[in-house]
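*Asks:* quick check, what structure comes out for this input:
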Amino acid sequence: MPPSPNPTVFVVDDDAPVQKAVSRLLRSAGFAVAVFASPREFLAQYDPRMPGCLVLDLAMPGFNGLQLQTTLGEKGCTLPIIFLTGHGDVSKSVQAMKRGAFDFLIKPVNAKSLLPAIHAAIEKDAVTRREHAKLSEICARLDTLTTRERKVLEHVVAGKLNRQIASELGVTEATIKVHRAHVMAKMKVEAIADLVRLAELCGIRESSE
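*Replies:* This is a model prediction of the structure:
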């Protein structure tokens, strides 16, 4: 299953008639659809780089929908999940929502409820992927800093003044100013507040010293 820039709706359900009905509905609405008969089959083929959302049957024999949700979460997968559930599975649906499910719909599902949920889930996935890409780019800038520049950045994030940083690192204040200028340039910011915000996005909150 090669990566694709176009969002795909992944349908995982062990009930063949449900697979057929849901996939037909989604394709008629213009969505790309990939159908799987079990969570294990999905896991064996899914590429996390593929955008879209997951329409997942909650109750399946063996490895069920909740277990797949847990497994994807452990892998760091943020693919939005729309659960399909029977009337008797409300308590499990609540569990799924608490674990981060995007939505759950009662079977038999229809176009009026499913299509808006699909559109919203795909948009959420797109937003999440844009945010991740932005964070990766910011952290890549961080990786260009030298060891000393990184140390200066940590002290700046901790709110320390140039003279304080110079004293703690055993260099002149002028040297610290040069390092700060290099850090600002490499991180592509002009204001200290923006530098601190980007650093905190990458997990830098205070100096390690």
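
*Asks:* model confidence over the helix or strand residue 104 falls within, on average?
*Replies:* Following DSSP states H and E, one finds residue 104 within strand 103-106. On average, the pLDDT along strand 103-106 is 87.

*Asks:* from the centroid of the chain, which residue is nearest?
*Replies:* residue 78 (4.3 Å; Cα atoms, centre = their mean).

*Asks:* for the most far-flung residue of the chain relative to its centre, what are its contacts?
*Replies:* Distance from the C-alpha centroid of the chain, by Cα atoms, centre = their mean, peaks at residue 172 (42.5 Å). Listed by Cβ atoms under 8 Å, 6 or more residues apart in numbering, the contact set of residue 172 reads residue 166. Placement of C-beta: from N, CA and C, glycine included.

*Asks:* mind checking pLDDT for it?
*Replies:* Looking at residue 172, its pLDDT reads 93.

*Asks:* secondary structure class for the nearest residue to residue 180 once chain neighbours are set aside?
*Replies:* Of all residues not flanking residue 180 in the chain, residue 152 sits nearest, at 6.1 Å (Cβ to Cβ, 6 or more residues apart in numbering). Recorded secondary structure, residue 152: helix (DSSP: H, G, I helix; E, B strand; the rest coil).

*Asks:* again, but for residue 148
*Replies:* Taken by three-state DSSP, the conformation at residue 148 corresponds to helix.

*Asks:* can you tell me the element the nearest residue to it once chain neighbours are set aside falls in?
*Replies:* Computed as Cβ to Cβ, 6+ apart, the closest residue to residue 148 that is not its neighbour in sequence is residue 179, at 6.2 Å. According to DSSP H and E, residue 179 maps onto helix 173-187.

*Asks:* for whichever helix or strand comes after that helix, packing partners?
*Replies:* Where DSSP H and E defines the elements, the next helix or strand beyond helix 173-187 is helix 192-201. If you count contacts as 3 or more Cβ pairs under 8 Å, 6 or more residues apart in numbering; DSSP states H and E, helix 192-201 packs onto helix 111-142, helix 147-157, helix 173-187.
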